[in-house]
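K.L.:
okay, sequence plus prediction incoming.
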Amino acid sequence: MPDPTRITRVRLWLWLIRAIGVIVPRRLRAEWRQEWDAELRCRELRLAEWDTSTFVVVPLLLASVAIVACLIPARRATRMNGLAALRCE
């Protein structure tokens, strides 16, 4: 049978850890949100000139790299005889 005082101590520590884990991040989030909002407002003015072109060019570039990365092995696989490839394994 476990010691009841030990169980109470463990429950108290668990409650304390949970309280710290809930209260501290909430306060930090509020402070960080204020700093983050101020930083975004400051950066918003600087990024406004080339913002739209960046959001169009970067996804297109990433998509083209992904397509090329898929097509190279696919073309190589179509040139190979499938039956011969299975026999080699």
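P.N.:
Okay, I see it. The structure displayed is predicted, hence computed values, not measured ones. Residues are numbered from 1 along each chain as shown.
K.L.:
where in this structure is pLDDT low?
P.N.:
Counting by pLDDT under 70, the low-confidence segments of the chain come to 1-2, 4, 22-30, 42-51, 89.
K.L.:
show me the helices in it, by range?
P.N.:
Using DSSP state H, the helices of the chain run over 4-47, 51-79, 82-88.
K.L.:
now those helices as a markdown table including mean neighbour count?
P.N.:
From N, CA and C alone the C-beta is placed, and that goes for glycine too. Putting these into a markdown table (neighbours: other C-beta atoms under 10 Å) gives the following:
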| stretch | mean neighbour count |
| --- | --- |
| helix 4-47 | 10 |
| helix 51-79 | 10 |
| helix 82-88 | 8 |
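K.L.:
now do the phi/psi pair for residue 81.
P.N.:
Main-chain dihedrals, residue 81, degrees, to the nearest 10: phi -70, psi 120.
K.L.:
relative to residue 73, how far out is it?
P.N.:
16 Å (C-beta to C-beta, to the nearest Å).
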